[in-house]
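Enquirer: Next come a sequence and a model predicted from it.
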Amino acid sequence: METFWEVLNNSSTFFKMMLHDNNIPFFFLSLILGFKHAYDSDHIVAVATYLPKSKSMKETFKMSISWALGHMLTAAIVTLILFIYKDLFLTQILAYFEIIVGGMLILLGFAGIISAMGIEFFHSQEHHDHDEDGHLHAHLHDEGKIHTHYHKHMFGIGIVHGLASNDELIVLFTASLGVASLAGLISYVAIYTLGVVAGMIVFGFALSYPIIKADQEQITKAALILFGIVSILYGLFIVFERVLI
């Protein structure tokens, strides 16, 4: 097995090799496939339950990139484990990860609908101060805007999604692109990750911009309810599909 420093050195060499004309097509292929992967239906449905809550494009950017990084963190880790240990027991439970994703979609759907009713199912962690009389006041940040942590929630959602994406990464890099070394796998996963990040940022901007531009509470609530219903239905579909197989 390669040591950490050998992998690091080989990865550097691999990146240099990719700059060669013959390897550039594989670079773009990995990037494009990563971009495409961001648009998997379970990804889009889950992220859509949160994006309508965004109050600015800056917040949308943070939410989108947080999801992508969380997703690729677990996807990369499990992919590397599978690549190194091959027939590890982990391969026997990968299918069950999709049931977890389905359950998450159901919860996110209900959370979105409840949020549209004015109740935060997942606390946005607003900070409060008490005055001398004991009254509770919201502590505001950034020129009066309530400080939220939706990007942290998105990071967690991405981590769960990453558990169910590793099998296709193994197939892509080992079978389709012929990656045979750990260093090569790490390099391609890094490039693939850039594609996933870019893909989700584009989707996040496309979905959030008209809602933010409209700046109407009714539109935001309608979007949360609509995407919440879709998320619940799709989550149920995934769970029942896996249970019946």
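Expert: Right, received. Where do you want to start?

Enquirer: for this protein, which helix is longest?
Expert: helix 182-214 (DSSP state H).

Enquirer: Show me what the helix or strand hosting G156 is packed against.
Expert: For G156, the enclosing helix or strand under DSSP states H and E is helix 150-163. The contact analysis (3 or more CB pairs under 8 Å, 6 or more residues apart in numbering; DSSP states H and E) places helix 150-163 against helix 41-48, helix 57-85, helix 94-116. C-beta: built from backbone N, CA, C; applies to glycine.

Enquirer: Against which helices or strands is the last one packed?
Expert: Other helices and strands packing on helix 94-116, by 3+ CB pairs under 8 Å, 6+ apart, are helix 41-48, helix 150-163, helix 217-244.

Enquirer: Of all those helices, which one comes closest to I77?
Expert: helix 150-163 (8.0 Å; CB to CB).

Enquirer: got a list of contacts for that closest one?
Expert: Helix 150-163 is contacted from outside by 42-43, 46-47, 50, 53-54, 59, 62-78, 97, 100-101, 104, 108, 122, 124, using CB atoms under 8 Å, 6 or more residues apart in numbering.

Enquirer: Give me the buried positions along it.
Expert: 150-155, 157-163 (16 or more other CB atoms under 10 Å).

Enquirer: mean confidence for stretch 222-232?
Expert: Mean pLDDT, computed over stretch 222-232, is 96.

Enquirer: for stretch 235-245, same thing?
Expert: Mean predicted confidence for stretch 235-245 is 85.
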